[in-house]
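> Predicted structure and sequence below. I'll ask about it afterward.
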Number of protein chains: 2
Amino acid sequence: MAQKLFAERLRRTVSKYGPLCVGIDPTFDKLPKELKEKAKTPTEEAAAIGIFTDSVIEAVKGVAGVLKFQVAYFERYGAAGFVELESAVKRAKNDGFMVIADGKRGDIGSTMKAYAKYYMDVLDADAVTLNPYMGKDVIEPFLPYVDKGKGAFLLARTSNPAAAETQDVSASAGHAYYIYLTDRIASWQEKIEKDKAGYLPFGIVVGATVPEEIKKLRAKHPELLMLIPGFGFQGGTADDAAPAFDAQGNGAVVNSSRSVICAFQQEGGETAEAKEDPAWQGAIRDAAKTAQGALKEAIARRKR
Amino acid sequence: MAQKLFAERLRRTVSKYGPLCVGIDPTFDKLPKELKEKAKTPTEEAAAIGIFTDSVIEAVKGVAGVLKFQVAYFERYGAAGFVELESAVKRAKNDGFMVIADGKRGDIGSTMKAYAKYYMDVLDADAVTLNPYMGKDVIEPFLPYVDKGKGAFLLARTSNPAAAETQDVSASAGHAYYIYLTDRIASWQEKIEKDKAGYLPFGIVVGATVPEEIKKLRAKHPELLMLIPGFGFQGGTADDAAPAFDAQGNGAVVNSSRSVICAFQQEGGETAEAKEDPAWQGAIRDAAKTAQGALKEAIARRKR
């Protein structure tokens, strides 16, 4: 018998902590001053990012239950960065967080097998993000992990402004291409068991910056979990994200990265060092609490 | 003044050695027996893959001028794998090869900046593969590398059977979506200088398994370089790939991975250990020569 399915595990976590997923996207330039000062080499920069990441995990413990690691910010340092990613994910899992590895990989089946091995077995993430452009092959090597309670989110309609050009083009009976692609993502899971609340293990990514698209996809695909990026810094609001949730408040997690992990930069951006909050870990925790609260309220408002 | 542009560098390399790109996709199970025997831990497995990769580079020196590293097969070992990737790419560059890092990354601009930093500066690849689904943001951070002679190949029509479902769907005035996407990839480069032979720095990936699509895209976009995977093991022939080249024999490279680097497995697959050629490095070199020769002949036949 399988352990709990991914959708059920996610639902329990969201019900315990709230729908906020804290995005770990650390760049060296934006670290607190005290962590930047000591690092002189790329390996020391990567180590500083590791220390910061551990502090973020510590800060949001008890406030949020899901962490999304953006792989690129670790990969930027190659081997040295992956050392930090692996250590941080281990810590997060030990602390009871669900971990999403956000790498947006997508390739032919034999190649995806190598990615699945790393992200599901070696790194032991609970879910990954995947790019569906190369077709069903992308999810095949992840199917054996479904019974282990793992899942994935595939790109449907992303949060960046440039996405409209490649994703909103009309395809297949007048639907936008991202709708067509989402229909395919659902069809690839026809033989896969839904969890008790009706959700499949392979969900979709839809940006909080495009709330109309969230509504359309939620109506068309009540069986697909949603990972909602673009909340906070990128401009999406809690009310924009709320329609991703079903009437019971299930079915989605909402990611916030920079608004939380850069919260100590009181006037934002790389030039704001002089205005940095010295109690930076507290500022991160407070920002996570605020984001979590705003999301819970928006979902409750919608239910009323 | 910029150094030579990517398209020109690629043309000189292809004109010197031929259009074969050797794909480095090493899996531990398929390594020569002598390399497998000693490895007991994942780090030792990664090291064995590193030794094998160095041997492949040594074997094809003078036979092919372009190497494509499939990042996934190194990433499968996380930090330990990236150590091997970095060391192998350094060796390949020192030996004068042009290096394509095949990771098919694709994300929002700020995230792509981290990938660009790693692949263009730290790893120092000559080109990367990118997934264009998230739009123009994907190439933006790579623009500063154009004047440094670097480039990229973006997925247009991939070689895997499952690709038809997501890429051939009709979009925009009856064209297939992959054609629409290729048109966008060309339009993103409107302000970028072509090299002397008329090629842009951001080319496309089109599978040797879909020769009709190669012909269509070559006719519609004579300014886009092509990286052609799927030749050999996946079923594409030299004659299938030949239409990617212009009348002067320029404009493309053709990748072969397993047919070259697994050439010593005389009856193929993981169970063939007993039938392994003990002179495995020579078998790899011979397979590269054969592939290079077949491609040159097919292109010459087409020109006549």
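Right, received. Where do you want to start? Not measured: the values here are computed from a predicted model.

> now residue A:152, what's its secondary structure?
strand (DSSP: H, G, I helix; E, B strand; the rest coil).

> which residues does it contact?
Residues counted as contacts of residue A:152 (CB atoms under 8 Å, 6 or more residues apart in numbering or on different chains) are A:127, A:128, A:129, A:130, A:139, A:142, A:201, A:202, A:203. C-beta: built from backbone N, CA, C; applies to glycine.

> What residues are bridge-paired with it?
residue A:128, residue A:202 (DSSP bridges).

> partner residues bridging the residue most central in space within chain A?
Nearest to the mean C-alpha position of chain A, counting by CA atoms, centre = their mean, stands residue A:68 at 4.2 Å. According to DSSP bridges, the residues that bridge with residue A:68 are residue A:23, residue A:100.

> Let me see the contact set for it.
A:21, A:22, A:23, A:24, A:99, A:100, A:102, A:227, A:255, A:257.

> which one among these gets closest to chain B?
Taking CB to the nearest CB as the measure, chain B lies nearest residue A:102 of the contacts of residue A:68, at 8.4 Å.

> ok so that closest one is a helix residue?
No - counting by three-state DSSP, residue A:102 is not found in a helix; it is strand.

> just checking, it touches residue A:131?
No - using CB atoms under 8 Å, residue A:102 is not in contact with residue A:131; the gap is 11.2 Å.

> Looking at those two, which is more packed in?
Under the neighbour definition other CB atoms under 10 Å in any protein chain shown, residue A:102 and residue A:131 were set side by side, and residue A:102 has more, 27 against 24.

> what's the spacing between that one and residue A:48?
21 Å (CB to CB, to the nearest Å).

> so how many other residues sit close to the residue of the stretch 1-150 of chain A found nearest chain B?
At 3.3 Å from chain B, residue A:135 is the closest residue in the stretch 1-150 of chain A, using CB to the nearest CB. Residues near residue A:135, counting by other CB under 10 Å, number 23.

> which residues touch it?
Shown in contact with residue A:135 (CB under 8 Å, 6+ apart): A:184, B:158, B:160, B:162, B:163, B:164, B:165, B:166, B:167.

> tell me the pLDDT at the fifth one?
Confidence at residue B:163, expressed as pLDDT, is 95.

> any idea how far it lies from residue A:170?
20 Å.

> Looking at the two, which has the bigger crowd around it?
residue B:163 (23 against 16).

> so how far is residue A:282 from the residue nearest to that one when sequence neighbours are not counted?
Excluding the flanking residues, the one nearest residue B:163 by CB to CB, 6 or more residues apart in numbering or on different chains is residue A:135, at 5.0 Å. Using CB to CB, residue A:135 is found at 46 Å from residue A:282.

> Report the contact partners of the nearest residue to residue A:238 once chain neighbours are set aside.
Closest residue to residue A:238 apart from its sequence neighbours, by CB to CB, 6+ apart: residue A:298 at 3.6 Å. Counting by CB under 8 Å, 6+ apart, residue A:298 touches A:237, A:238, A:239, A:241, A:242.

> mind redoing it with 6 Å?
Residues in contact with residue A:298 (CB atoms under 6 Å, 6 or more residues apart in numbering or on different chains) are A:238, A:239, A:242.

> cool, residue A:160 as well?
Contacts for residue A:160 (CB under 6 Å, 6+ apart) come out as B:108, B:137.

> Show me the helices in chain A, by range?
Using DSSP state H, the helices of chain A run over A:6-17, A:33-38, A:42-60, A:72-75, A:79-94, A:109-116, A:163-167, A:177-187, A:211-220, A:238-241, A:258-261, A:280-303.

> Please dump those into JSON lines; it should also carry distance to residue B:58 for every row.
Putting the helices of chain A into JSON lines (distance: least, CB to CB, whole Å) gives the following:
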{"stretch": "helix A:6-17", "distance to residue B:58": "45"}
{"stretch": "helix A:33-38", "distance to residue B:58": "41"}
{"stretch": "helix A:42-60", "distance to residue B:58": "29"}
{"stretch": "helix A:72-75", "distance to residue B:58": "28"}
{"stretch": "helix A:79-94", "distance to residue B:58": "23"}
{"stretch": "helix A:109-116", "distance to residue B:58": "24"}
{"stretch": "helix A:163-167", "distance to residue B:58": "41"}
{"stretch": "helix A:177-187", "distance to residue B:58": "43"}
{"stretch": "helix A:211-220", "distance to residue B:58": "51"}
{"stretch": "helix A:238-241", "distance to residue B:58": "54"}
{"stretch": "helix A:258-261", "distance to residue B:58": "45"}
{"stretch": "helix A:280-303", "distance to residue B:58": "50"}
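
> Of these, which stretch is the most buried?
Between the helices of chain A, helix A:72-75 has the highest mean count of neighbours, a mean of 27, where neighbours are mean count of other CB atoms under 10 Å in any protein chain shown.

> so what pLDDT did residue A:174 get?
80.

> okay, now it: neighbour count?
Residue A:174 has 7 nearby residues by other CB under 10 Å.

> and what of residue A:246?
Residue A:246: 16 neighbours (other CB under 10 Å).

> how about the closest residue to it other than its chain neighbours, phi and psi?
Once flanking residues are discounted, residue A:246 sits nearest to residue A:222: 6.8 Å by CB to CB, 6+ apart. The phi/psi pair for residue A:222 (degrees, to the nearest 10) reads phi -70, psi -10.

> Count the residues that sit near residue A:222.
Neighbours of residue A:222 (other CB under 10 Å): 11.

> again, but for residue A:147
13.

> Give me the distance between the residue nearest to residue A:238 and residue A:208.
Distance from residue A:298 to residue A:208, by CB to CB: 11 Å.

> same deal with residue A:214?
In terms of CB to CB, residue A:214 sits 8 Å off from residue A:208.

> now swap in residue A:236 and tell me
From residue A:236 to residue A:208 the distance is 3 Å (CB to CB).

> between these two, what contacts are shared?
Contact criterion CB under 6 Å, 6+ apart; residues shared by residue A:236 and residue A:208: residue A:230.

> and chain A, which of its residues are near chain B?
With CB under 6 Å from any CB of the partner chain as the criterion, chain A meets chain B at residues A:72-73, A:75-76, A:78-79, A:82-83, A:86, A:104, A:106-108, A:111, A:114-115, A:117-118, A:122, A:131, A:133-137, A:158, A:160, A:162-163, A:165-166, A:169, A:171-172, A:177, A:180.

> so where is chain A shaky, pLDDT-wise?
For chain A, residues meeting the criterion pLDDT under 70 lie at A:1-2, A:267-274, A:303-304.

> if you set the cut-off to 50 instead, what comes out?
Of all residues in chain A, those with pLDDT under 50 make up the ranges A:1, A:268, A:272.

> Looking at the contacts of residue A:298, spot the one nearest chain B.
Taking these together and measuring to chain B by CB to the nearest CB, the closest member is residue A:238, at 20.6 Å.

> mind listing what the closest one touches?
Residue A:238 neighbours (CB under 6 Å, 6+ apart): A:294, A:295, A:298.

> If we use 8 Å, what do you get?
A:231, A:254, A:294, A:295, A:297, A:298, A:299.

> Closest to residue A:52 out of those residues?
residue A:231 (21.3 Å; CB to CB).

> Show me what the closest one is bridged to.
With DSSP bridges as the criterion, residue A:231 is bridged to residue A:236.

> what's the distance between it and chain B?
14 Å (CB to the nearest CB, to the nearest Å).

> quick one: that residue and residue A:256 touch, right?
Yes - Residue A:231 lies in contact with residue A:256 (CB under 8 Å); the separation is 5.0 Å.

> Quickly list what's touching both of those two.
With CB under 8 Å, 6+ apart, residue A:231 and residue A:256 have common neighbours residue A:291.

> Compare those two (neighbour count), which wins?
residue A:256 (32 against 28).

> Please list all residues in contact with the more buried one.
Counted by CB under 8 Å, 6+ apart, residue A:256 has contacts A:20, A:21, A:22, A:23, A:231, A:232, A:233, A:288, A:291.

> again, but for residue A:259
So residue A:259 contacts A:231, A:232, A:233, A:287, A:291 (CB under 8 Å, 6+ apart).
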